[in-house]
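Peer 1: From the sequence below, what's the structure:
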Amino acid sequence: MIIVDKRTKVLSFENTEIAFKSKSNTDLKRAYWLFKLISINPLVKFGSYVTNFALKIGLPIQGIIKNTIFKHFCGGQNITDCEAAIQHLASYNVHTILDYSVEGEETEADFDATCEEILQTIKRAQKDNLVPFSVFKVTGLGRFELLQKINAKENLNTKENQEFEYIKLRIDRICKACFETDLQVLIDAEFSWIQDVIDNLALEMMQKYNREKPIVFNTYQLYRHDKLTSLKNDFLLAQTNGFYLGAKLVRGAYMEIERERAQEKEYPSPIQSTKDAADRDYNEAILFCLDHLDRIAFMAGTHNEESSLLLASEIDKQNLSRNHPGIYFAQLLGMSDNLSFNLSASGYNVAKYMPYGPVKAVMPYLLRRAQENTSVSGQTSRELNLIIKEIKRRKHSK
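Peer 2: Numbers count the residues shown, from 1 in each chain. Now for the predicted structure:
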């Protein structure tokens with residue numbers, strides 16, 4: 001799969017020399033063994049159970065985790081720790097999205113602390129242009145159960161209403177700080193049974209802060225059969241009400257959980273019936289955003305080669321600048337380097353999501369990441385094959 005473009009050399013996602021140029025031989029070997037283990041589904045499930053149990057009873061395994069899965073998928077335990085990784089990516093023209101990945105907090109003090117941490121990522125972004133986006137999850141700023149209750153349109157008591165006001169205040173603090181520093185901010189998508197309230201909050205922030213340019217971005221999970229329609233409806237709302245739409249396009253991260261819950265509670269699954277349907281809607285969403293760049297800025301958050309090639313080729317076909325400010329590609333740190341580094345080497349805007357946080361607090365994220373890799377058809381084997389190809393290339397080039 002290639003795109004030939006007269007302006008620059010050929011873009012190929014098979015070019016492992018560019019893909020892994022940032023990796024030492026030691027890094028490659030560690031990645032090989034990590035993805036080899038992740039490819040064994042029963043081992044991942046058993047390992048997740050054992051790891052959680054070991055952390056709960058205080059076994060000294062954090063050092064092992066820190067030097068293996070944490071080192072591969074995370075930038076560090078705090079923003080300062082991430083600095084070396086930020087600079088390293090920047091040397092290959094890849095930007096960073098600092099993603100504070102602590103999950104499962106429950107108290108108002110925890111939510112306030114998370115809000116303050118996200119504000120610190122905004123402060124870091126002001127130093128240079130290496131961190132062009134901030135990001136947060138609404139469940140990092142408020143109780144999941146409260147959001148679920150609001151989403152279900154249940155009545156709230158006085159205390160819950162006050163709690164929801166605190167959530168909105170935290171979200172507004174973050175979006176306002178981004179607006180004042182001219183930094184774009186991504187609101188991540190979550191489970192369908194709390195997503196409506198998140199969508200409403202995101203649109204509220206867009207109407208407030210996207211009057212002059214896109215600052216606030218909502219996330220559209222195109223593995224849901226209703227999200228292409230949501231994207232188009234939100235565009236019409238933006239057009240009618242005079243604000244810019246910020247859209248992060250992803251396929252989605254909770255497919256198995258969504259289907260299981262829908263079956264258990266006997267309601268229609270929100271997930272597309274086939275992978276082809278999800279791919280179709282994702283690619284159509286890309287084309288829709290490209291057709292409305294006067295009102296939409298978007299990020300293609302994808303590890304899918306076909307969709308990445310589609311967007312790259314359309315940028316060239318439409319004679320748009322490869323570093324158009326309204327178009328970004330994004331992948332997770334430690335994954336799909338063949339996309340990130342080959343795209344950046346060809347002049348496209350690319351950013352890596354860089355999770356960070358204390359090792360123990362980030363473990364839910366890391367374990368979910370390992371489990372997702374086993375459930376995404378072909379993803380782990382694709383990573384492994386590319387790593388093996390580069391190890392062989394280096395060996396033969398000596």
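
Peer 1: what pairs with the host helix or strand of K248, and is each one parallel or antiparallel?
Peer 2: Applying DSSP states H and E as the criterion places K248 in strand 245-250. In the sheet, strand 245-250 lines up against strand 216-221 (parallel), strand 296-301 (parallel) (DSSP bridges).

Peer 1: of those strands, which approaches E105 most closely?
Peer 2: Closest approach to E105 among the strands paired with strand 245-250 is made by strand 216-221 (20.3 Å; Cβ to Cβ). From N, CA and C alone the C-beta is placed, and that goes for glycine too.

Peer 1: After that closest one, which helix or strand is next?
Peer 2: Once the chain leaves strand 216-221, the next helix or strand it forms, by DSSP H and E, is helix 227-241.

Peer 1: Tell me what angle that following helix forms with strand 245-250.
Peer 2: Using axes from the mean of the first three to the mean of the last three Cα atoms, to 10 degrees, the direction of helix 227-241 lies 170 degrees away from that of strand 245-250.

Peer 1: what comes up buried for helix 227-241?
Peer 2: Neighbour counts over helix 227-241 (16 or more other Cβ atoms under 10 Å) mark K227, L228, S230, L231, D234, F235, A238 as buried.

Peer 1: With stretch 166-179 instead?
Peer 2: In stretch 166-179, counting by 16+ other Cβ under 10 Å, buried: I167, R170, I171, D172, R173, I174, C175, A177, C178, F179.

Peer 1: Quick one: mean pLDDT for it?
Peer 2: The pLDDT scores in stretch 166-179 average 98.

Peer 1: Q207 - that's part of a helix, no?
Peer 2: Yes. Counting by DSSP: H, G, I helix; E, B strand; the rest coil, Q207 is found in a helix.

Peer 1: What is the neighbour count of it?
Peer 2: 15 (other Cβ atoms under 10 Å).

Peer 1: Then A19?
Peer 2: By other Cβ under 10 Å, 23 other residues sit near A19.

Peer 1: Which residues are in contact with it?
Peer 2: F13, D337, N338, S340, F341, N342, L386, E390 (Cβ atoms under 8 Å, 6 or more residues apart in numbering).

Peer 1: and if we set it to 10 Å?
Peer 2: 12-13, 336-342, 345, 386-387, 389-390 (Cβ atoms under 10 Å, 6 or more residues apart in numbering).

Peer 1: Now for these: which two are most distant?
Peer 2: Farthest-apart pair in the contacts of A19 is A345 and I387; separation 18.4 Å (Cβ to Cβ).

Peer 1: higher neighbour count, those two?
Peer 2: Regarding A345 and I387, a neighbour count based on other Cβ under 10 Å identifies I387 as having more, with 25 against 19.

Peer 1: Output whichever strand or helix holds the more buried one as CSV - backbone C-alpha positions only.
Peer 2: Using DSSP H and E, the secondary-structure element containing I387 is helix 379-397. This file holds the C-alpha atoms of helix 379-397, laid out as CSV (Å, rounded to 0.1, in the frame of the first residue of the first chain):
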residue,chain,number,x,y,z
GLN,A,379,-3.4,-5.6,15.6
THR,A,380,-0.9,-7.5,17.7
SER,A,381,0.3,-9.8,14.9
ARG,A,382,0.7,-6.7,12.7
GLU,A,383,2.9,-5.0,15.3
LEU,A,384,4.9,-8.2,15.8
ASN,A,385,5.5,-8.7,12.1
LEU,A,386,6.7,-5.2,11.6
ILE,A,387,9.1,-5.5,14.6
ILE,A,388,10.5,-8.8,13.3
LYS,A,389,10.9,-7.3,9.8
GLU,A,390,12.9,-4.4,11.3
ILE,A,391,15.1,-6.7,13.4
LYS,A,392,15.9,-8.7,10.3
ARG,A,393,16.6,-5.6,8.3
ARG,A,394,19.1,-4.2,10.9
LYS,A,395,20.8,-7.6,11.1
HIS,A,396,21.3,-7.8,7.4
SER,A,397,22.3,-4.2,7.0
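
Peer 1: Quick check: buried residues in it?
Peer 2: With burial defined by 16+ other Cβ under 10 Å, the residues of helix 379-397 counted as buried are Q379, T380, R382, E383, L384, L386, I387, K389, E390, I391.

Peer 1: ok, back up a step: winner for burial among the strands paired with strand 245-250?
Peer 2: strand 216-221 (a mean of 26; mean count of other Cβ atoms under 10 Å).

Peer 1: what distance separates stretch 164-180 from the centre of its chain?
Peer 2: Here stretch 164-180 is found 20 Å from its chain centre; the criterion is Cα atoms, centre = their mean, to the nearest Å.

Peer 1: I misspoke; the intended subject was stretch 185-196.
Peer 2: For stretch 185-196, the gap between its own C-alpha mean and the chain's C-alpha mean amounts to 12 Å (Cα atoms, centre = their mean).

Peer 1: And it, what's buried?
Peer 2: Buried residues in stretch 185-196, counting neighbours by 16+ other Cβ under 10 Å, are found at V185, L186, I187, D188, A189, E190, F191, S192, W193, I194, Q195.
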